[in-house]
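S.K.: all I have is the shape, not the residue letters:
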């Protein structure tokens, strides 16, 4: 292995950390990954596995405030901000409010589209790696709607997507049903984002881990970063309970734990954990062929390894390990409203996966160098789009590390934008 370019230590072995390790290793760096937990409960493993150029609208979008206020009073609603006097949550909420505008949406759409399209291309390249088999399928995603108001809104968005050069087609109820011959739909219509794709995230995570280990990348688990030793604007040491790690370059990922790690480097990177749930169900002879989003319910549906993964809800609150069964029931109850053959029972608690999406207040990720510490790159805050944007982020991290021309503009993603 050529490690002539120096050593890189990555904090966090979630999907962003793993993809950063992959591209840095390919570029010739000696890479070490530090993970505070084990590798079993990787936040991305239970993800819906969608690659979504369709998601050029950030979470901080017009209408989310009014919807959020309405949904806050419904424990089964798709988006829930738990009222709290937590100062971090209040500060995050005020920033979110500020960015939920048409102006922010217009400024974000093209950069987000470009980041997603770069990622999709990189996924196609990764799928050609002989040791990586993660079920990439390019069938697009169906945005299913039941009401005229939501349909009108989605078709309006589809026209914006077409202007952005994305391959997208509004479909009637009959055209939508034709795409799903094995199950009965109850929808008014759909929008087919043919530009989207899907994969099995748990296969992707496990195979990236195996690949990196086989390539000699060190992955240290149960290794929590407690502080940094800095000298003259540079991180000299990464302190953990057992050892201090030295590195020429540090990449800080860390998912929903990013703010507390950033604080140790005297950076303010606001992120709130958005808890989501998912579970697997059998098809019972009614195979679903295309992934979909149930728009009114905000539920994701993904065919995966012969079963179907249902996932959803965004619960913005301080981190906790409780499973809120009301929110899971909200997902379960919405499914037969769209898929008539799917009377899915509420899963047992041990069959429910949950994870925390690291949500920035403006709905955009953080990618770039720290201004204060010149050998620190930040890559995080991807919200619900971590899996979709991971290869693009990893590639950009490797390009930043080498001082190369970047594959896409990252000026909107500055890690310092809230400092």
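M.R.: It's in. Being a predicted model, the structure only gives us computed values, none of them experimental.
S.K.: all strands for the stretch 201-350 of the chain, in order.
M.R.: 218-220, 227-230, 235-239, 244-245, 249-252, 272-281, 292-294, 299-304, 307-316 (DSSP state E, counting those that start in this stretch).
S.K.: any idea of the mean pLDDT for the fourth one?
M.R.: Confidence over strand 244-245 (mean pLDDT, whole number) is 96.
S.K.: how far does it sit from the chain's center?
M.R.: Centre-to-centre, strand 244-245 and its host chain are 29 Å apart (C-alpha atoms, centre = their mean, to the nearest Å).
S.K.: could you do stretch 403-416 as well?
M.R.: On C-alpha atoms, centre = their mean, the centre of stretch 403-416 falls 18 Å from the chain's centre.
S.K.: start and end of it, how far apart?
M.R.: 19 Å (C-alpha to C-alpha, to the nearest Å).
S.K.: neighbours of the nearest residue to residue 311 once chain neighbours are set aside, how many?
M.R.: With sequence-adjacent residues excluded and distances taken as C-beta to C-beta, 6 or more residues apart in numbering, residue 311 is closest to residue 278, at 3.3 Å. All C-beta atoms are positioned from the backbone trio N, CA, C, and that covers glycine. When neighbours are counted by other C-beta atoms under 10 Å, residue 278 registers 25.
S.K.: for residue 278, name its beta-bridge partners.
M.R.: residue 311, residue 353 (DSSP bridges).
S.K.: need the strands of the stretch 201-350 of the chain in JSON lines with distance to residue 328, can you?
M.R.: JSON lines is the format used below for these (distance: least, C-beta to C-beta, whole Å):
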{"stretch": "strand 218-220", "distance to residue 328": "32"}
{"stretch": "strand 227-230", "distance to residue 328": "38"}
{"stretch": "strand 235-239", "distance to residue 328": "38"}
{"stretch": "strand 244-245", "distance to residue 328": "39"}
{"stretch": "strand 249-252", "distance to residue 328": "32"}
{"stretch": "strand 272-281", "distance to residue 328": "5"}
{"stretch": "strand 292-294", "distance to residue 328": "15"}
{"stretch": "strand 299-304", "distance to residue 328": "11"}
{"stretch": "strand 307-316", "distance to residue 328": "8"}
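S.K.: closest to residue 325 out of these?
M.R.: Minimum separation from residue 325 across those (C-beta to C-beta) falls at strand 272-281, 9.5 Å.
S.K.: okay, the angle between that closest one and strand 299-304?
M.R.: With axes from the mean of the first three to the mean of the last three C-alpha atoms, to 10 degrees defining the directions, strand 272-281 sits at 50 degrees from strand 299-304.
S.K.: pLDDT (mean, whole number) over strand 272-281?
M.R.: 93.
S.K.: ditto for stretch 188-200
M.R.: Stretch 188-200 shows a mean pLDDT of 97.
S.K.: same check, this time on stretch 89-107
M.R.: Average pLDDT, stretch 89-107: 90.
S.K.: can you pull out the strands in the stretch 51-200 of the chain?
M.R.: Taking DSSP E, counting those that start in this stretch as the criterion, the stretch 51-200 of the chain carries its strands at 79-81, 141-145, 168-172, 189-193, 197-198.
S.K.: and these, which is most packed in?
M.R.: Ranked by mean neighbour count, those are led by strand 141-145 with a mean of 28 (mean count of other C-beta atoms under 10 Å).
S.K.: between the strands of the stretch 51-200 of the chain, which gets nearest to residue 373?
M.R.: With C-beta to C-beta as the criterion, residue 373 lies closest to strand 79-81 of the strands of the stretch 51-200 of the chain, at 32.2 Å.
S.K.: which strands and helices sit next to that closest one?
M.R.: helix 64-71, strand 307-316 (3 or more C-beta pairs under 8 Å, 6 or more residues apart in numbering; DSSP states H and E).
S.K.: ok, of those, where does mean pLDDT dip lowest?
M.R.: Sorting the helices and strands packed on strand 79-81 by mean pLDDT places helix 64-71 lowest, at a mean of 65.
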